[in-house]
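**Student:** The amino acid sequence is not available; the structure is as follows:
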């Protein structure tokens, strides 16, 4: 009798454990993905931010090219100098070239920092909104995790929430624009 009860208990416990494990496994399997790149290509705020960053980058590159032309002119002048290398003119030119190189280096550092700060300023609100929208959609769909599509080789369509995210982001952006108009 004791053996029979023990075996039944073990069977029930095993079935319960298997059912619990299956339930946990199902929850872990509910992983969604979103193509962040695609979202950013379709959201006006992100597109505008990217354009501003590209314009700033072009502006910086133009200044760098001008600085390089100035340095190249000095190098050409040094090459064409007929006076001895120790002359006052040569020493002055060498001093100017050193100053120009330092100026170029400092500008490169400043502009890189400025560009990173601008990127943070422009994209942080978009990333925050993206994170909020993804979380909301994930909770609605019972997803326990959402990963970027770029790191996924294959995903079934039902787990790709990219279009839902794009729709919600556009909807939220329209609402924000309407609020700005009414203020």
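**Tutor:** Cool, the structure landed. Remember, it's a predicted structure, so these values are computed and weren't measured experimentally.
**Student:** All the strands of this protein, residue numbers only.
**Tutor:** Under the criterion DSSP state E, strands of the chain are mapped to 31-34, 145-148.
**Student:** For residue 130, which of those is the nearest?
**Tutor:** Of all these, strand 31-34 sits nearest to residue 130, with 8.2 Å by Cβ to Cβ. For every residue, glycine as well, the C-beta is placed using N, CA and C.
**Student:** Counting neighbours, show which residues of that closest one come out buried.
**Tutor:** 32-34 (16 or more other Cβ atoms under 10 Å).
**Student:** was I right about residue 78 contacting residue 96?
**Tutor:** No - taking contacts as Cβ atoms under 8 Å, residue 78 lies outside contact range of residue 96: 9.8 Å.
**Student:** Contacts for stretch 172-183, please.
**Tutor:** Contacts with stretch 172-183, where a contact means Cβ atoms under 8 Å, 6 or more residues apart in numbering, come from 43-45, 129, 133.
**Student:** Same question for stretch 67-77.
**Tutor:** The contact list for stretch 67-77 (Cβ under 8 Å, 6+ apart) reads 93, 96-97, 100-101, 103-104, 107.
**Student:** Can you go through these and name the buried ones?
**Tutor:** Judged by 16+ other Cβ under 10 Å, buried ones among the contacts of stretch 67-77: 93, 97, 100, 104.
**Student:** Just send those residues back as JSON lines, with pLDDT and distance to residue 150 too.
**Tutor:** Shown next, in JSON lines, are those (pLDDT from 0 to 100; distance: Cβ to Cβ, whole Å):
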{"residue": "93", "pLDDT": "85", "distance to residue 150": "51"}
{"residue": "97", "pLDDT": "90", "distance to residue 150": "45"}
{"residue": "100", "pLDDT": "93", "distance to residue 150": "41"}
{"residue": "104", "pLDDT": "94", "distance to residue 150": "35"}
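**Student:** Looking at these, which is nearest residue 59?
**Tutor:** The shortest approach to residue 59 among the buried ones among the contacts of stretch 67-77 belongs to residue 104, at 15.7 Å (Cβ to Cβ).
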